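Asker: I'll drop the sequence and a predicted model, then ask my questions.
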Amino acid sequence: MRAHATGWTGRFVAALGLAALLLAACAPTAKVIEGRRATPVAADPASPPPGLAGRQWDRIPTNAKVVALTFDAGANADGVASILATLRQQHVPATFFLTGDFVKAFPSQTRDIAAAGERVGDHSVSHPYFTQLTDAQIRAQVVDAQAQIRATAGTDPWPWFRFPYGDYDAHTIAVVNSVGFVPVGWTVDTLGWEGTSGGISVATVVSRVLAALQPGEIVLMHCGSNPTDHSTLDAAALPQVISQLRARGYRFVTVDALMGLGYTISTSDGGAHSFGAPWYGSMAGKLAPGVRVVAIAGDPATGGY
C-alpha cells in the first residue's frame, strides 16, 4: 500500500429529492436529525454498527451518484481555513479524519472543523504503522484519539477510523472493530500531499478524482501543506473538484452514508425500498412488521448525511 501524509438507537439517511424517513425496527427512542450536523447515536458505542465490521470500506456501496470527500489531518493545519471556506461557500459536507497530535497542536482549527458541522473521524493519536503495534497499542491509539477529539472538538468520531498510511491487515481491522470502530479507506488518493516538489499540480488532483469517479467514490485529500514546498494542493484544487463532480451529476455525502447499508427508506407516499439499491416507483415495498418511522433526515441543499 502507498504510504501517505496522513448498538445503535438512531439511524438515518439524507434527502434524495424528497425528504427520506428513517425506519428502524423496535428502536427504543426517536431522534430528529438535522442536515449535515447529524451524528449517529449508539446504544453500545463499543460495538461497530451492524453490518460494517470485518473489512475496510474503500467505497460506499451504492448505485447513487454520490461522492464522499475526506480530509486527513495530521501534519499541520495550513489548508484548513481554505478548505472550510470552500465547503461552506459550495454547501458541501465532508469528513475530516483527525489525529490526536493534530488536535493537541491545532485546537482552534479542530474546533473550527467541528463548528462548521463537518463530520469528524478518528485517525489515531500519533499516526503509526498499525501492523507494527501490539493489540493493546492499537486499542490505545484509537480510544485515546477519540477522547482527545471529544474533549477539544466536542464531537464524537465514532464509528469511523482511518488507518495511518493505509497500513492494515485482517487482524488490525478486528482489533479496531473490538473498540467499536469501522475502518474507512479511500477509492482514490489525490496525491496532493506530495506537493509541487513531488510533481503534483492542481490539475493532477482534479484529474485523479475524475479518473476514479464512480458511485460511492471516497476521495482522500489532506488538510496540511507539503513540508518541503509548503503547497496546499488539495485545498487549492477543491473548488474545481466540486464543480467538476457536480457537472457530472454527482452530489456529496459524508462517510455516514455507510450507515445506510441495510436501511429501509420510506418515500413521502409510504413506499419503502432498500437504501442504495435501484427501485422503480415509490411503492416497492411495505413497512415490515415491527418497523416504524423514528426520525426524519433531510438537507435539500447538500444531500448530506
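Answerer: Received the coordinates, thanks. In this text, all values refer to a predicted model and were calculated from it rather than measured experimentally.
Asker: From V184, how far off is Y168?
Answerer: Here the distance between Y168 and V184 works out to 11 Å (CB to CB, to the nearest Å). C-beta: built from backbone N, CA, C; applies to glycine.
Asker: what do the two both touch?
Answerer: Residues touching both Y168 and V184 (CB atoms under 8 Å, 6 or more residues apart in numbering) are Q56.
Asker: Those two - which one has more neighbours?
Answerer: V184 (26 against 21; other CB atoms under 10 Å).
Asker: For that one, give the beta-bridge partners.
Answerer: W57 (DSSP bridges).
Asker: likewise L69?
Answerer: L69 has these beta-bridge partners by DSSP bridges: V219.
Asker: how near is it to G216?
Answerer: In terms of CB to CB, L69 sits 13 Å off from G216.
Asker: what do you get for G199?
Answerer: Distance check for G199 against G216: by CB to CB, it reads 29 Å.
Asker: So between these two, which is more surrounded?
Answerer: Neighbour totals were compared for G199 and G216, and G216 leads with 21 against 9 (other CB under 10 Å).
Asker: mind listing what that one touches?
Answerer: Residues in contact with G216 (CB under 8 Å, 6+ apart) are R59, I60, P61, T62, A64, V66, V67, A68, T187, A257.
Asker: Among the residues you listed, name the ones in strands.
Answerer: Within those, residues falling in strands by DSSP state E are V66, V67, A68.
Asker: Neighbour-wise, which one of those leads?
Answerer: Highest neighbour count within these, by other CB under 10 Å: V67, with 28 neighbours.
Asker: For H127, which non-adjacent residue is closest in space?
Answerer: With sequence-adjacent residues excluded and distances taken as CB to CB, 6 or more residues apart in numbering, H127 is closest to P164, at 4.2 Å.
Asker: repeat for S124
Answerer: Q141 (4.4 Å).
Asker: before we move on, what about L220?
Answerer: W186 (3.7 Å).
Asker: doesn't T70 make contact with that neighbour?
Answerer: Yes. In this structure, W186 is within contact of T70 by CB atoms under 8 Å, at 6.7 Å.
Asker: Identify the contacts common to those two.
Answerer: Common neighbours of W186 and T70, counting by CB under 8 Å, 6+ apart, are I218, V219, L220.
Asker: For the first one, which residues are in contact?
Answerer: Okay, so that is I218. 57-60, 67-68, 70, 184-188, 255.
Asker: May I see the residues you listed arranged in CSV, with distance to V125 and pLDDT as well?
Answerer: Below are the contacts of I218 laid out as CSV (distance: CB to CB, whole Å; pLDDT from 0 to 100):
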residue, distance to V125, pLDDT
W57, 22, 97
D58, 23, 97
R59, 27, 96
I60, 27, 95
V67, 29, 97
A68, 24, 97
T70, 19, 98
V184, 18, 98
G185, 19, 98
W186, 21, 98
T187, 26, 98
V188, 26, 98
V255, 20, 96
